[in-house]
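# this one's sequence-less:
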């Protein structure tokens, strides 16, 4: 990265994943004069240098691991992060539609830096971003004194606040249940939840028979993965408030009908709800989100 891209860009953040990678860079120039082996000079473009980097890196890994074929999952794509245009920041896709989602109080550029650092956590590879060796988060937190990141540029652009924020994020999976206007209430709950935390992904819906009281409608169950700076007690309090806001009746029997039911199932990779071990639908929903 330093050899092939250094003449063109300053690195803001980077992350190497098992089958893809992320770069956030500040482009200083799109072409660079090089001297060839026969002492001739010519212009080489940034795009061409990226191609050289990817081809040489892929060949090296192919030789090291003794395999053929593609190394990364898709073609390299680039997006501008500071132009005044409508482009998608971190996002989540569900059967209810695609919601664009900035972390509160943060620019698109800062949001993308945070997303790059948290990518291994979102994919379930580690519990904390700083546990993933192959990214620039260790340089941000002072764990490693790497030379690739341009911290002078980061300070000038006001991204330095990502230092403390990166270390305090929690990745949580919340179980969902409803048997009163389920589709409508689940969609409304996700909208409310997304105002308070960052919704990353929603599982498929699963229909289940009621437990305990059979004379009621079937339940629609699933789960949602979020990231938040709230503590576990704070998030539990928030979920109860959302249930109350949506009209949850707590005066009826324990296993009676409900418009919405929200419980924390997994906190930073650890199961914290005993129902996980007895509810097959919850295990399936959690597995779907952990594998995504």
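Ah, there it is. All values derive from a computational prediction rather than experimental measurement. Numbers count the residues shown, from 1 in each chain.

# Determine the set of other helices and strands touching the one helix or strand residue 265 maps to.
In the assignment (DSSP states H and E), residue 265 maps to strand 261-267. Applying 3 or more Cβ pairs under 8 Å, 6 or more residues apart in numbering; DSSP states H and E, one finds that strand 261-267 makes contact with strand 170-178, helix 232-245, helix 280-291. Where you see a C-beta, it was placed from the backbone N, CA and C, and this is true even at glycine.

# let's go with 10 Å and repeat that
In this structure, strand 261-267 makes packing contacts with strand 170-178, helix 182-196, strand 219-228, helix 232-245, helix 280-291, judged by 3 or more Cβ pairs under 10 Å, 6 or more residues apart in numbering; DSSP states H and E.

# Quick one: closest of those to residue 155.
Residue 155 lies closest to strand 219-228 among those, at 25.1 Å (Cβ to Cβ).

# That closest one: partners in the sheet, and parallel or antiparallel?
Strand 219-228 sits in its sheet next to strand 170-178 (antiparallel), strand 198-202 (antiparallel), strand 206-208 (antiparallel), going by DSSP bridges.

# Just say which of those is most tucked in.
Ranked by mean neighbour count under mean count of other Cβ atoms under 10 Å, the strands paired with strand 219-228 are led by strand 170-178, which reaches a mean of 24.

# okay, the angle between that one and helix 182-196?
Strand 170-178 runs at 160 degrees relative to helix 182-196, counting by axes from the mean of the first three to the mean of the last three Cα atoms, to 10 degrees.

# picking up where we left off before, would CSV of the helices and strands packed on strand 261-267 with mean pLDDT and distance to residue 144 be doable?
Below are the helices and strands packed on strand 261-267 laid out as CSV (pLDDT from 0 to 100; distance: least, Cβ to Cβ, whole Å):
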stretch, mean pLDDT, distance to residue 144
strand 170-178, 92, 22
helix 182-196, 93, 34
strand 219-228, 92, 23
helix 232-245, 95, 29
helix 280-291, 89, 28
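
# what about the residue lying closest to residue 284 once chain neighbours are set aside, distance to residue 237?
Ranked by Cβ to Cβ, 6 or more residues apart in numbering and with sequence neighbours excluded, the top spatial neighbour of residue 284 is residue 206, at 6.5 Å. Distance of residue 206 to residue 237, given as Cβ to Cβ, to the nearest Å: 27 Å.
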